[in-house]
Structures are given as C-alpha cells and as structure tokens.
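In: no sequence on this one, just coordinates:
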C-alpha cells in the first residue's frame with residue numbers, strides 16, 4: 001500500500017483563528033442575556049478576530065487568501081451540482097461551496113458584531129457607538145436587538161450547515177477535514 005504525502009494547507013494563524021472564533025462565538029451565544037460583561041468581551045474578541053481574518057485574507061499564505069477560495073456564482077452552482085451526484089472534485093484548499101460558506105460566515109459575523117455594538121450603544125449607552133446611538137431611544141434599541149438576534153441565529157444556522165458540509169466532504173473524499181483543521185495538513189493525491 002502506497003503511503004500518501006501530506007502538505008501544509010492551513011497555517012497556524014488560520015487554525016488558531018478558526019478555533020478561537022468558535023470558542024468566542026459560543027461564549028457570546030451562551031452568555032447573551034445573563035453575563036453582559038463576558039458577552040461583550042466575547043463579542044469584542046470576535047470583532048478582533050474578524051479584523052485579523054479580513055487582513056489575513058489579503059496578506060496571508062496562499063490557502064488563507066480570499067483569491068484562493070472566492071469563486072464565481074457559476075462555479076459554486078456547478079460544484080453544488082457535482083456534490084449532488086457525488087462527483088465533486090477534491091480541492092486542497094476550500095472548494096467553491098466551502099469558500100462561499102466562509103464568505104457568508106464572515107459577512108454574517110460582521111453584521112452580528114455591528115448590530116451587537118448598536119444594541120450596546122443604544123440600549124446600554126456603552127461601547128464605541130454610544131456617542132451616536134446613546135440617545136436613540138428604546139425603539140431603536142429594540143430594532144437593533146431584533147437585528148442582532150436575527151444575525152446570531154443566521155450565523156448559527158450557517159455553522160450547522162458548515163459542519164454538515166465538512167462531514168459530508170470528509171466522507172466523500174475519505175479525508176478527515178476536522179483533523180486537518182487541527183494539524184494544518186492534508187494529503188496530496
């Protein structure tokens with residue numbers, strides 16, 4: 001039996017970002033109503049992580065760059081059709097569906113964070129938006145709260161779809177993608 005070779009795909013900073021983001025989002029989700037200080041700290045951690053990832057998407061190593069995994073809608077649709085027929089090509093980095101999911105997750109997390117800052121500014125007269133939203137009133141605070149809740153739940157839905165996609169791809173290509181996100185290595189076919 002031939003031993004397959006591995007290649008480092010996910011750099012340490014992408015892997016650290018991934019797992020710390022999961023932890024920070026989980027803490028923010030769990031502490032949403034009862035532990036405001038911890039919730040806010042976790043939210044600021046998410047914001048810092050997102051800022052890092054947006055920069056790293058332009059200056060990071062090959063597989064971390066947006067140019068490696070942002071595909072056209074046509075390519076994403078074609079890949080999804082291949083998935084349905086169990087004939088999807090294997091990618092070393094993110095496949096077109098995975099790349100689209102990463103973009104969706106980043107956008108949803110940014111909107112979650114911005115609406116969270118708006119809630120904090122309008123509802124608690126605190127945070128960086130308090131100077132503009134501190135006197136917005138209860139109606140606006142409730143509107144921002146509703147938007148924040150929507151984006152939290154939408155992000156959570158995306159996370160479940162992401163995990164399902166990772167498990168499906170792992171089975172389809174006989175490759176443990178969760179382990180790859182810990183080790184950074186994937187096999188070369």
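Out: Now that the structure is in, tell me what you want to look at. As the structure is a prediction and not an experimental result, all values here were calculated from the model. Numbers count the residues shown, from 1 in each chain.
In: Enumerate the positions of the helix or strand where residue 157 lies that are buried.
Out: Assigned by DSSP states H and E, residue 157 belongs to helix 138-172. For helix 138-172, burial by neighbour count (16 or more other Cβ atoms under 10 Å) applies to 140-141, 143-145, 147-148, 151-152, 154-155, 158-159, 162, 165-166, 169. Heads up, the C-betas are built off the backbone N, CA and C, glycines and all.
In: from the chain's centre, how far out does that helix sit?
Out: Centroid separation for helix 138-172 versus its chain: 10 Å, with Cα atoms, centre = their mean, to the nearest Å.
In: what's it packed up against?
Out: With contacts defined as 3 or more Cβ pairs under 8 Å, 6 or more residues apart in numbering; DSSP states H and E, helix 138-172 has these neighbours: helix 12-30, helix 96-124, helix 177-183.
In: With mean neighbour count and mean pLDDT as extra columns, can I get those in CSV?
Out: Formatted as CSV, the helices and strands packed on helix 138-172 follow (neighbours: other Cβ atoms under 10 Å; pLDDT from 0 to 100):
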stretch, mean neighbour count, mean pLDDT
helix 12-30, 16, 97
helix 96-124, 20, 95
helix 177-183, 15, 94
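In: Name the helix or strand for residue 128, please.
Out: Residue 128 belongs to no helix or strand, assigned by DSSP H and E.
In: Distance of it relative to residue 103?
Out: Going from residue 128 to residue 103 by Cβ to Cβ, to the nearest Å gives 25 Å.
In: Residue 80 too?
Out: In this view, residue 80 and residue 103 are 15 Å apart by Cβ to Cβ.
In: which residue packs closest to the residue most central in space within the chain, ignoring adjacent ones?
Out: The C-alpha lying nearest the average C-alpha coordinate of the chain belongs to residue 105 (Cα atoms, centre = their mean; 4.0 Å). The shortest distance from residue 105 to any non-neighbouring residue, by Cβ to Cβ, 6 or more residues apart in numbering, is to residue 158 (5.2 Å).
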